[in-house]
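Colleague: Just to be clear, the model below is a prediction. Sequence and coordinates:
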Amino acid sequence: MDTPPAADEQRSAGAGNRARRPRTAAPVLCGAVLAAVLTALLLPVRPALRLSDEGDTIGYLPLAEGERFTVAYVHSIDGLPIEEDIEVRDGHLVVEATRLRQFGAGMGHIPGEGTGHADGAWWVIEGIGRDIGTELVIRVGAPAVDHRIRTPDDEVRLSPCLAARPVTVEPARAPVLHLLLGGAPEPEC
């Protein structure tokens, strides 16, 4: 039995409409998902430490609120290592602990700031709680001073390339994509 031509046209028109809808919706949906993913990766949404040299960003180190980073160096007079643990609290940097091998020039326990105890070859002062503001400027020492910034996951050596330069360390927010692909910042020599 033959179908009238009008019925065939209706069936094929209906089938064509059904096929077109998913084709036009899929690219729009994919585009929206892609835009959302790119926006999430590029917007500054992750806490980090920003390291900069006279205002120019060297890079970012992932570091969440409440986590600590360490400024490590060798004392320029007595030649012994020193490490200072600094915590990020409410956008401020708070010195929480200092480790040193012996009291040298300008080093030691300040009465009322933390408690000190021996820990093997180190003298450790903990619970300092000294708020130093929203940024720390380090006048980077010569290669023998070996200034370093250490987070739980990375370490950046400053002295080989930035000796005698002021490096600013501050809490910031960095793009997720930059943190995922950038790795630890490496100062240019």
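Modeller: Received, thanks. Residues are numbered from 1 along each chain as shown.
Colleague: buried set for the longest strand seen in the chain?
Modeller: Criterion DSSP state E: the longest strand present in the chain is strand 122-133. Neighbour counts over strand 122-133 (16 or more other CB atoms under 10 Å) mark 123-125, 128 as buried. In this view, the C-beta of every residue, glycine as well, is placed from N, C-alpha and C.
Colleague: Which residues outside that strand are in contact with it?
Modeller: Here strand 122-133 makes contact (CB atoms under 8 Å, 6 or more residues apart in numbering) with 86, 89, 92-103, 109, 113-118.
Colleague: Which strands border that strand, and is each parallel or antiparallel?
Modeller: In the sheet, strand 122-133 lines up against strand 92-100 (antiparallel), strand 115-119 (antiparallel) (DSSP bridges).
Colleague: where do the strands sit along the chain?
Modeller: For the chain, the strands defined by DSSP E occupy 44-53, 56-62, 68-74, 81-89, 92-100, 115-119, 122-133, 136-139, 148-150, 155-157, 166-175.
Colleague: Export those to a markdown table and append columns for mean pLDDT and distance to residue 32.
Modeller: Shown next, in a markdown table, are the strands of the chain (pLDDT from 0 to 100; distance: least, CB to CB, whole Å):
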| stretch | mean pLDDT | distance to residue 32 |
| --- | --- | --- |
| strand 44-53 | 87 | 19 |
| strand 56-62 | 91 | 28 |
| strand 68-74 | 97 | 38 |
| strand 81-89 | 96 | 35 |
| strand 92-100 | 95 | 39 |
| strand 115-119 | 89 | 55 |
| strand 122-133 | 94 | 42 |
| strand 136-139 | 97 | 42 |
| strand 148-150 | 97 | 40 |
| strand 155-157 | 95 | 38 |
| strand 166-175 | 93 | 20 |
